[in-house]
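Peer 1: 3D, please:
(chains A, B, C and D)
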There are 2 protein chains.
Amino acid sequence: MARTQGITIKDVARRAGVSITAVSHALNGKGTLSAATREHIREVADEMGYAADALARGMRSSTMGAVGLVLRSLDALGDYKPEGVDVFEKFVGAAASQALARGLSLMLVPDLTRAPVPPLTFSMDGYIITNPHRDDPVVALLDKRGIPYVTYGRAPGRPDFPYWASEDDAASARLVLDHLAARGARSIALVRGTDANAWNDEHEEAYAAWCAARNMPARLYELAERAGVGGGVDLARRITADGLPDAVFCLTGRHAAGVQEGLIAQGIAVPDQVMVVAGSDSEHSRGARPTISALELDPVGSSGALLDILQALIAGTEPAAPRITQAHLRERESTRRRPG
Amino acid sequence: MARTQGITIKDVARRAGVSITAVSHALNGKGTLSAATREHIREVADEMGYAADALARGMRSSTMGAVGLVLRSLDALGDYKPEGVDVFEKFVGAAASQALARGLSLMLVPDLTRAPVPPLTFSMDGYIITNPHRDDPVVALLDKRGIPYVTYGRAPGRPDFPYWASEDDAASARLVLDHLAARGARSIALVRGTDANAWNDEHEEAYAAWCAARNMPARLYELAERAGVGGGVDLARRITADGLPDAVFCLTGRHAAGVQEGLIAQGIAVPDQVMVVAGSDSEHSRGARPTISALELDPVGSSGALLDILQALIAGTEPAAPRITQAHLRERESTRRRPG
DNA sequence: CTGAAAGCGCTAACAT
DNA sequence: ATGTTAGCGCTTTCAG
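Peer 2: Numbering: from 1, shown residues only, chains lettered A, B, ... in the order given. Below is the predicted model of the structure:
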């Protein structure tokens, strides 16, 4: 196909007894038509079930009504079906429904920089890029082509780029740290990923600041995202070797699950001896025993905000950006101690 | 945007010193050009980084290099982010990567029948529809527009429609039932959903046949997909009231988790008194305690097969269809009894 | 206020 | 073997 079957603007024009220009203007609210003809044309078009062909419309440098979605973090993982990594799948679902609510289609484009690029790639009205990396080639490509884009999480190394939305990572980090401190934690370790994205960087920064303000030594560990649960299990050994902290804050759910598993395997009680928190909720945090407290992100709010910004960008108006959403801490067994 | 920035066929033609037709033909392997010019044109085009504009190409009734994906089951649930329903999200991920591997983009189109329809909707080369219902309006719409489509799971009530792929539901059902029988189950209840799709229907049919062949009474329960875990918990009461079976086979993971929870709440031991199996693996089956044995579908294999069929359909060649994939039973604690 | 006409970039008849 | 040309359906000047 790729072609609309039926009714064209010509058909409507003929039936309404006007020119195709009139139809185009009436339906797009342009030009100078009398209210009467405008109304008449609209009625005829409705009656005929006319819908402008997106391709032809796009040809005339208008818009496609479609935006692309690039899941950078999954590109980095090199796997579009990592077990239990549901943050991105949730985001896809949320973005799709938010896009529909705005009359936009959502096109999944796994990796723009790997050839061959799918044909429609550069015809999209704009792009959402999740968790761009430092010096992200996808970002560079879109910049070069002049295609508008927004990022989920700010683009690292580009402090002036305002078109992003995200949960407030610094606030999220403090939320977790305060929660742990309220439950008696005096020494908290942070386990971040190795991807150079804002998610990792901002949490680390907030953690360092929080520790400094309390004169608490920072204990920072890095663990590759793709190391998964197994990497967490191994890391637990290193953590205990460095001296048992009161709590471990892992930015990913699978690392948290692994670290907890590793701790328990060493006979350490969670939450009694060590508390564990995950920075992003996932099946791993929910399914672990004890269940792991975790930050719940706001994919619906974030993707909605991103689409708002992107639509403004496409329309050429100045968007309110960046937009910040809030994560919530879902308390579970791994931090179930009496506060105070 | 919606418009490619730079290089058009014209530019290539001028630079190569030929007509635009020559370029078009050279690049599409059509017409009658000398091997020399063909080669020359290709080189020039490559050098200039030319890529045909998908829109303009689409206009000439060619193809878009993009297929749509409609997730019917989620439409029915009325919610694109149901907790723990990851079958479809996994399918989306698998389909996206399979599409990319074939040079196709994948467009998510939540519901074709609800207005307003996103503009690009009818410009797609074809569609994948997951789990179509009986008399599905989306199917009817695509038929009417003459847009090719394939279905994940056969279209109920349309036995002659061959363009589908799916795990072998009947085989899956027998796999589960044999597994349970091998562990001593003499009375097995089936809990199916209420959606009129092949998934539910075929499992039920295979179940009935299996029971009949063994002279075992069939105990069939229906539970709405959207009733979720809570519905399963409630159903457990009805099941026990009808007399405790040796095993319960729930087609969805959330129903299985609910039923198991309900049984345990009544003091019934799983798997010792009753075994529980889920027909589709999900977070609920993995996260429950005891963990629930479940069928693992093959989203990569299925979506790959669907795209093969769809591509053939689009190209106008006769595809090998339908294509059957196999589900595997993932044994977990809920059926951990000694076989025999 | 309204409409004729020129393209957008491409493909495919139809010349040459 | 190569080029000319007519559109695909739409938007948008620019004349009436």
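
Peer 1: can you count the residues close to the nearest residue to A:Ala95 once chain neighbours are set aside?
Peer 2: Nearest non-adjacent residue to A:Ala95, counting by Cβ to Cβ, 6 or more residues apart in numbering or on different chains: A:Ser303, 4.0 Å away. Where you see a C-beta, it was placed from the backbone N, CA and C, and this is true even at glycine. Neighbour count for A:Ser303, taken as other Cβ atoms under 10 Å in any protein chain shown: 28.

Peer 1: hang on, A:Ser303 packs against A:Leu100?
Peer 2: No. The criterion here is Cβ atoms under 8 Å, and A:Ser303 misses it with A:Leu100 at 11.3 Å.

Peer 1: on that earlier part again, quick check, the residue nearest to A:Ala95 in a helix?
Peer 2: Yes. Under DSSP: H, G, I helix; E, B strand; the rest coil, A:Ser303 falls within a helix.

Peer 1: give me every residue that touches it.
Peer 2: A:Phe91, A:Ala94, A:Ala95, A:Gln98, A:Ala99, A:Ile128, A:Tyr152 (Cβ atoms under 8 Å, 6 or more residues apart in numbering or on different chains).

Peer 1: would you point out the most distant pair within those?
Peer 2: Spatial extent of these (Cβ to Cβ) is set by the pair A:Ala99 and A:Tyr152 at 13.6 Å.

Peer 1: domain assignment for chain A?
Peer 2: Per automatic domain parsing, the structural domains of chain A span A:1-50, A:169-297+A:329-335.

Peer 1: and the first one, how far out from the chain's middle?
Peer 2: Spelled out, that is domain A:1-50. 39 Å (Cα atoms, centre = their mean, to the nearest Å).

Peer 1: one more: the last one?
Peer 2: Centroid separation between domain A:169-297+A:329-335 and its chain, computed with Cα atoms, centre = their mean, is 21 Å.

Peer 1: endpoints of it, how far apart?
Peer 2: 20 Å (Cα to Cα, to the nearest Å).

Peer 1: gap between the residue in chain A that DNA strand D sits nearest to and A:Pro271?
Peer 2: As assessed by Cβ to the nearest atom of the strand, DNA strand D sits closest to A:Ile9 within chain A, at 2.9 Å. For A:Ile9, the distance to A:Pro271 (Cβ to Cβ, to the nearest Å) stands at 66 Å.

Peer 1: more crowded one of those two?
Peer 2: It is A:Pro271, of A:Ile9 and A:Pro271, that has more neighbours when counted by other Cβ under 10 Å, with 23 against 20.

Peer 1: now do the SS call for the more buried one.
Peer 2: Under three-state DSSP, the three-state class of A:Pro271 is coil.

Peer 1: report pLDDT for it.
Peer 2: Looking at A:Pro271, its pLDDT stands at 97.

Peer 1: ditto for A:Leu297
Peer 2: Model confidence at A:Leu297, given as pLDDT, is 92.

Peer 1: now do the contacts for it.
Peer 2: Contacts of A:Leu297 by Cβ under 8 Å, 6+ apart are A:Val87, A:Glu167, A:Ser280, A:Asp281, A:Thr325, A:Ala327.

Peer 1: for the first one, which non-adjacent residue is spatially closest?
Peer 2: Excluding its sequence neighbours, the residue lying closest to A:Val87 (Cβ to Cβ, 6+ apart) is A:Ser280, at 5.3 Å.

Peer 1: angles on the backbone of that neighbour, please.
Peer 2: phi -140, psi 130 (degrees, to the nearest 10).

Peer 1: so what pLDDT did it get?
Peer 2: For A:Ser280, the predicted pLDDT is 93.

Peer 1: quick one: it from B:Ala51, how far?
Peer 2: 37 Å.

Peer 1: who's more crowded, these two?
Peer 2: Higher neighbour count among A:Ser280 and B:Ala51: A:Ser280, with 25 against 16, using other Cβ under 10 Å.

Peer 1: now for the more buried one: which residues touch it?
Peer 2: A:Val87, A:Leu251, A:Thr252, A:Gly253, A:Ala294, A:Leu295, A:Leu297.

Peer 1: neighbours of the fifth one, how many?
Peer 2: Right, A:Ala294. Neighbour count for A:Ala294, taken as other Cβ under 10 Å: 30.

Peer 1: pretty sure it sits against A:Gly253.
Peer 2: Yes. Counting by Cβ under 8 Å, A:Ala294 touches A:Gly253, with 6.2 Å between them.

Peer 1: overlap in contacts, the two.
Peer 2: Taking Cβ under 8 Å, 6+ apart as the criterion, A:Ala294 and A:Gly253 both touch A:Ala278, A:Gly279, A:Ser280, A:Asp281, A:Ser282, A:Ser285.

Peer 1: among these, name the ones in strands.
Peer 2: A:Ala278 (DSSP state E).

Peer 1: any chance of TSV for the shared contacts of A:Ala294 and A:Gly253, columns distance to DNA strand C?
Peer 2: Formatted as TSV, the shared contacts of A:Ala294 and A:Gly253 follow (distance: Cβ to the nearest atom of the strand, whole Å):
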residue	distance to DNA strand C
A:Ala278	48
A:Gly279	45
A:Ser280	42
A:Asp281	45
A:Ser282	43
A:Ser285	49
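
Peer 1: in three-state terms, label the closest residue to A:Ala224 other than its chain neighbours for me.
Peer 2: Distance criterion Cβ to Cβ, 6+ apart; nearest residue to A:Ala224, sequence neighbours excluded, is A:Thr194 at 4.6 Å. Under three-state DSSP, the three-state class of A:Thr194 is coil.

Peer 1: and A:Thr194, how many neighbours?
Peer 2: With other Cβ under 10 Å as criterion, A:Thr194 counts 13.

Peer 1: what sits against it?
Peer 2: A:Asn200, A:Glu222, A:Leu223, A:Ala224, A:Glu225.

Peer 1: could you do A:Ala327 as well?
Peer 2: By Cβ under 8 Å, 6+ apart, the contact set of A:Ala327 is A:Glu167, A:Asp168, A:Ala171, A:Ser172, A:Leu175, A:Leu295, A:Glu296, A:Leu297, A:Asp298.

Peer 1: just the buried members of these?
Peer 2: Neighbour counting by 16 or more other Cβ atoms under 10 Å in any protein chain shown classes A:Glu167, A:Ser172, A:Leu175, A:Leu295, A:Leu297, A:Asp298 among the contacts of A:Ala327 as buried.

Peer 1: so of these, which ones are in strands?
Peer 2: Under the assignment DSSP E, those contribute A:Glu167, A:Leu295 to strands.

Peer 1: in JSON lines, list the buried ones among the contacts of A:Ala327 along with distance to DNA strand D.
Peer 2: Formatted as JSON lines, those follow (distance: Cβ to the nearest atom of the strand, whole Å):
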{"residue": "A:Glu167", "distance to DNA strand D": "37"}
{"residue": "A:Ser172", "distance to DNA strand D": "43"}
{"residue": "A:Leu175", "distance to DNA strand D": "47"}
{"residue": "A:Leu295", "distance to DNA strand D": "44"}
{"residue": "A:Leu297", "distance to DNA strand D": "38"}
{"residue": "A:Asp298", "distance to DNA strand D": "35"}
